[in-house]
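Participant: kindly generate the corresponding structure for this input.
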Amino acid sequence: MDNETRSLTVLLCAFISCAFLIALAAPCHASHDYPRICNYFTGYTDLEYCEMLSRWDVAVLNCIVQDNRPEMPDSLRTLNPDMTVITYFPVSFIWAGYDSMGRIGSGYGDKAADADWWLYDTRGNRVGNSDYAWGINMSTKCPEDENGQTAGEWLAEYISDEIVSSGMWDGLLLDGLNERASGLNNMEHFFAELPAAVDADRDGIADHPESLDIWWSQGHEIFLTLLRQEVGDSLILVGNGKNPSKAGYLNGGIREDFPTMHGGWEPNMLAPYGYLSMCRDYLQDPMNLTLMLCWWIDEEADMYGPRRTSSYERFVRFTLSSSLLGDGYLILNGKESQLWWEDLYDLDLGSPISDAYLDSVWNDMYDCYSTVWKRDFSNGVVYCNPYDQYLTLEDGTWLTPTDGRIKSFSPPTGTTVEILEDTSQREFDQADNTITYSVLLTNSADEATYSYVWANLLDGADTLVAGAQAEYLVGAGDTHSMDRCLRIRNAVPCGTYCLEVVLGGENRAIVDRDTILVTRVVDFRKVQKQDGELPLEQDNLLVFPQPLIGPDATMKLEVKGTHSSSRSLTVRLYDVRGRLVRTIIEDEPDEDSGLEIGMRAEGGGSLVPGVYFVTVETGDQVLRKKVVLLHN
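Facilitator: Numbers count the residues shown, from 1 in each chain. Coordinates of the predicted model:
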């Protein structure tokens, strides 16, 4: 081998060795679909943070990266090929120190100043979007520049030419893309000594709020239409603000300062412009990128995390579980660019197998049923409790108010489960209405493992009647037997059923089944009458519409097949904590038209949005239904 060949061989070996070491040093990225997380990292452009930052699914960077660190987006994608990298850019305002956004931000600010595109009030002062931002007149009343363009028309071309053409970004986060501008009327900010109403058309007269909002919405629609024409359908566009009418242009929205801003948890989640509707109704191609932005303020926090207090841990569980009710991405930091990684982010929930839904769980504190938001995944389950209630979940654990529970139940390798005793021909105790069964877990692995076990009760058509989960710790090479109780929360007819024991996992497998003869089952949620007769099934009580919308909503009740000699109905309305809200006695209800009841308190006052329960007593029968009240 000559010297030249030997040198090339050495260089090749060195190159392969370096590549191998780089591969070993690269961070490990989970291959799971959920949880989904995003990092709002707009304050730094240092490449030293890339390795840690690449652990997130999505990164939002400052557009100054194009000039200062153009290699940063590709560095992140090299470390995490599945990562989506988008850039931040404001639309209806510009930061007072817009040079902090580099050449691109300065170009926008300078153009707005030259064309006098500022948004003014009736005193001739510039309107501030906040204490540190100048409002841009994005309405159709914006004056034209020397080329006959308004701010929105010019900005669509500018973003395409200066940002998208670089090829660095998968998409844009467009801040300040608000549906209305009337909220800026009389806003206090440091640009004006005395706040005043917005004067978008500059006639010296305050704009009528409705007219202002129409001009504003039309101006934004022109901007988005032109921007889509410039950048095409493959670029991801995310808008900040309430934009239900702009869903045809955007791939997602952002719920900022969740859950505080915009009225609390329910409006943020369930309203027409809320998180769930953004995940569902906004563009899905090439992807839906709806963001839930949550701030946690801790003056002692550093780049890598705040103090690990119980309040913070609960906030993490609550916000993450809220985000998992939909298909968006959670952003959790302290209003700065930080790298707060949580252990829960490493859970592997697999893919969702249901939408978010309200499930009934027992509230031992108030001895009644309450509701919890829930979503099932192929590899886990998520509970979210946004209400002021203490709940007991199926596995016996507690869920405190404004809290969440995220459980992943991947089956450990080498674990099996089987039913030990014959459960057939069992008569169930009507006091607690449970089926007792025993399971044997065997762990053939070399280390202790947690096994997540489902027990399901199925009818003859293999329809789920009742289910429960439990988590067991089994030592290495050990077996573990446990007596369990499966509580049947709904009355079921007597007959033959199947008890099914399942190990949770991505490919859930039934591992053992047993036949059960149900001879007597009692639904303990319903009131037991003194004569020993059970009340009718809840399906005999119809309550509609569901959900009820608005503080003046009226619910309609229909009672079917009561077979009661009494013509009197007593209707009671309870909140989720079991407290009586209202009582109505109807002596002669109309069986054809039903009974209409306004969702009001006893004295006529309005009710807060949330979950309520209505009971109807007629003779010796008590019927019960859950109703959900939402406000506009």
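Participant: quick one, domains of this protein?
Facilitator: 35-346, 357-408, 415-518, 538-630 (automatic domain parsing).
Participant: got JSON lines for these, with mean neighbour count and mean pLDDT too?
Facilitator: For the C-beta atoms, the positions are set from N, CA and C on the backbone; glycine is no exception. JSON lines is the format used below for those (neighbours: other C-beta atoms under 10 Å; pLDDT from 0 to 100):
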{"stretch": "domain 35-346", "mean neighbour count": "19", "mean pLDDT": "91"}
{"stretch": "domain 357-408", "mean neighbour count": "19", "mean pLDDT": "84"}
{"stretch": "domain 415-518", "mean neighbour count": "16", "mean pLDDT": "58"}
{"stretch": "domain 538-630", "mean neighbour count": "16", "mean pLDDT": "74"}
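Participant: could you measure from M83 over to D67?
Facilitator: 22 Å (C-beta to C-beta, to the nearest Å).
Participant: I should have written T397 there, sorry.
Facilitator: Distance of T397 to D67, computed by C-beta to C-beta: 52 Å.
Participant: next one: L47
Facilitator: L47 is 15 Å from D67, where distance means C-beta to C-beta.
Participant: what sits against M599?
Facilitator: Going by C-beta atoms under 8 Å, 6 or more residues apart in numbering, M599 touches 548, 551-555, 573, 607, 612, 627, 629.
Participant: now do the contacts for the residue lying closest to it once chain neighbours are set aside.
Facilitator: Once flanking residues are discounted, M599 sits nearest to A553: 4.7 Å by C-beta to C-beta, 6 or more residues apart in numbering. With contact taken as C-beta under 8 Å, 6+ apart, A553 is in contact with 598-599, 629.
Participant: so how far is F93 from D201?
Facilitator: For D201, the distance to F93 - C-beta to C-beta - is 19 Å.
Participant: what of P551?
Facilitator: For P551, the distance to F93 - C-beta to C-beta - is 34 Å.
Participant: how about G326?
Facilitator: From G326 to F93 the distance is 28 Å (C-beta to C-beta).
Participant: now swap in K407 and tell me
Facilitator: 42 Å.
Participant: likewise D346?
Facilitator: Taken as C-beta to C-beta, the span from D346 to F93 is 38 Å.
Participant: what of V60?
Facilitator: 17 Å.
Participant: and if you look at G152?
Facilitator: Counting by C-beta to C-beta, the gap from G152 to F93 is 13 Å.
Participant: identify the contacts common to those two.
Facilitator: In contact with both G152 and F93: no residue, using C-beta under 8 Å, 6+ apart.
Participant: circling back: now, which of the contacts of A553 lie within strands?
Facilitator: 598, 629 (DSSP state E).
Participant: any idea which of the contacts of A553 is closest to P272?
Facilitator: When the contacts of A553 are compared for distance to P272 (C-beta to C-beta), L629 wins out at 16.2 Å.
Participant: any chance you could map the helices in this protein?
Facilitator: 3-25, 50-53, 65-68, 72-79, 102-115, 151-162, 209-231, 265-270, 275-281, 310-324 (DSSP state H).
Participant: check which helices and strands the second one is in contact with.
Facilitator: Just to be clear, that refers to helix 50-53. Helices and strands touching helix 50-53, as assessed by 3 or more C-beta pairs under 8 Å, 6 or more residues apart in numbering; DSSP states H and E, comprise helix 72-79.
Participant: now swap in the third one and tell me
Facilitator: Other elements packing on helix 65-68 under the criterion 3+ C-beta pairs under 8 Å, 6+ apart are helix 102-115.
Participant: any idea of the angle the helix it packs on forms with helix 151-162?
Facilitator: Counting by axes from the mean of the first three to the mean of the last three C-alpha atoms, to 10 degrees, helix 102-115 lies at 150 degrees to helix 151-162.
Participant: what's helix 102-115 in contact with?
Facilitator: 62-64, 66-68, 89-90, 94-95, 98-99, 101, 117-118, 134, 136, 143, 145-146, 151, 154-155, 158, 162-163.
Participant: give me that answer again for 7 Å
Facilitator: 63-64, 66-68, 94, 98-99, 118, 136, 145, 151, 154, 158, 162-163 (C-beta atoms under 7 Å, 6 or more residues apart in numbering).
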